[in-house]
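Participant: need coordinates for the following:
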Amino acid sequence: MDYKFEDITLLDFVKRLSVCKGTTIRRLLSRLNSEKGYSNSYAGFYNKLKNNTLKFKELNDIAQTLGYEIILRELK
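Facilitator: Numbering: from 1, shown residues only. Sure thing, here's the model as predicted:
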């Protein structure tokens, strides 16, 4: 599935990706905790998504955990 990031919040974007993979943000965080060693609480993680304060590495970890990769393509 290709998805173009446009006028959508980071929280809604991660929610959509999670739903497409049949999971929730809470379960995603649990997987990030076990697979990547995250120690964020649910409230802290949710706030990072809501406030758009995730680091790129964290977003990449989320993508990988959900089975996606981030690709940057030059505009034509």
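Participant: need the contact partners of stretch 63-74.
Facilitator: The contact list for stretch 63-74 (Cβ atoms under 8 Å, 6 or more residues apart in numbering) reads 17-18, 21, 23, 28, 31-32, 35-36, 59-60. Placement of C-beta: from N, CA and C, glycine included.
Participant: weed out the non-buried ones from the residues you listed.
Facilitator: Buried members of those, scored by 16 or more other Cβ atoms under 10 Å, are 17-18, 28, 32, 59.
Participant: returning to that earlier point: can you lay out the contacts of stretch 63-74 as JSON lines showing secondary structure?
Facilitator: Listed next are the contacts of stretch 63-74 as JSON lines, based on DSSP: H, G, I helix; E, B strand; the rest coil:
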{"residue": "17", "secondary structure": "helix"}
{"residue": "18", "secondary structure": "helix"}
{"residue": "21", "secondary structure": "coil"}
{"residue": "23", "secondary structure": "coil"}
{"residue": "28", "secondary structure": "helix"}
{"residue": "31", "secondary structure": "helix"}
{"residue": "32", "secondary structure": "helix"}
{"residue": "35", "secondary structure": "helix"}
{"residue": "36", "secondary structure": "helix"}
{"residue": "59", "secondary structure": "helix"}
{"residue": "60", "secondary structure": "helix"}
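Participant: pick out the most distant pair among the residues you listed.
Facilitator: 23 and 60 (17.6 Å; Cβ to Cβ).
Participant: where does this protein have low pLDDT?
Facilitator: Residue ranges of the chain with pLDDT under 70: 1-5.
Participant: where do the helices sit along it?
Facilitator: Applying DSSP state H to the chain gives helices spanning 10-20, 25-36, 42-50, 56-66.
Participant: and those helices as JSON lines, adding distance to residue 76?
Facilitator: Rendered in JSON lines, the data for the helices of the chain read as follows (distance: least, Cβ to Cβ, whole Å):
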{"stretch": "helix 10-20", "distance to residue 76": "23"}
{"stretch": "helix 25-36", "distance to residue 76": "33"}
{"stretch": "helix 42-50", "distance to residue 76": "31"}
{"stretch": "helix 56-66", "distance to residue 76": "24"}
